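Colleague: below is the sequence, then the predicted model.
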Amino acid sequence: MDKAVCAQRAPYALELEAGEYWWCSCGKSKTQPFCDGAHSGSQFVPEKFTLAEKTKVWLCGCKATSKKPFCDGAHNKLEG
């Protein structure tokens, strides 16, 4: 099993409008933190999430969260 690429060692703090979003789980997307299809051919799939209203979110940048797509502080425990 391949390991996701750490896109950044901090969450993406964003204020998003209501709607449907696809979070990048592989870390290779050029449109972080959102999926651009870079996972194609791997075991990774984007994580769909929906917001009912305009909301401030903290999306995981390290790709190690256990609360996909939201940051759970896992970046603080990464080695290196």
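Modeller: Thanks, I have the structure now.

Colleague: what's the neighbour count on Asp72?
Modeller: 16 (other Cβ atoms under 10 Å). C-beta: built from backbone N, CA, C; applies to glycine.

Colleague: for it, what are phi and psi?
Modeller: Dihedral pair for Asp72: phi -120, psi 10, per degrees, to the nearest 10.

Colleague: now do the same contact list for it.
Modeller: When contacts are counted by Cβ atoms under 8 Å, 6 or more residues apart in numbering, Asp72 touches 60, 65-66.

Colleague: end-to-end on stretch 53-73?
Modeller: The straight-line separation of the ends of stretch 53-73 (Cα to Cα, to the nearest Å) is 24 Å.

Colleague: pull out the buried residues from that stretch.
Modeller: When neighbours are counted by 16 or more other Cβ atoms under 10 Å, the buried residues of stretch 53-73 are found to be 57-65, 68-69, 71-72.

Colleague: turn those into JSON lines, including secondary structure and distance to His39.
Modeller: Output for the buried residues of stretch 53-73, formatted as JSON lines (DSSP: H, G, I helix; E, B strand; the rest coil; distance: Cβ to Cβ, whole Å):
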{"residue": "Val57", "secondary structure": "strand", "distance to His39": "21"}
{"residue": "Trp58", "secondary structure": "strand", "distance to His39": "22"}
{"residue": "Leu59", "secondary structure": "strand", "distance to His39": "16"}
{"residue": "Cys60", "secondary structure": "coil", "distance to His39": "15"}
{"residue": "Gly61", "secondary structure": "coil", "distance to His39": "16"}
{"residue": "Cys62", "secondary structure": "coil", "distance to His39": "16"}
{"residue": "Lys63", "secondary structure": "coil", "distance to His39": "11"}
{"residue": "Ala64", "secondary structure": "coil", "distance to His39": "16"}
{"residue": "Thr65", "secondary structure": "coil", "distance to His39": "16"}
{"residue": "Lys68", "secondary structure": "coil", "distance to His39": "13"}
{"residue": "Pro69", "secondary structure": "coil", "distance to His39": "14"}
{"residue": "Cys71", "secondary structure": "coil", "distance to His39": "20"}
{"residue": "Asp72", "secondary structure": "coil", "distance to His39": "21"}
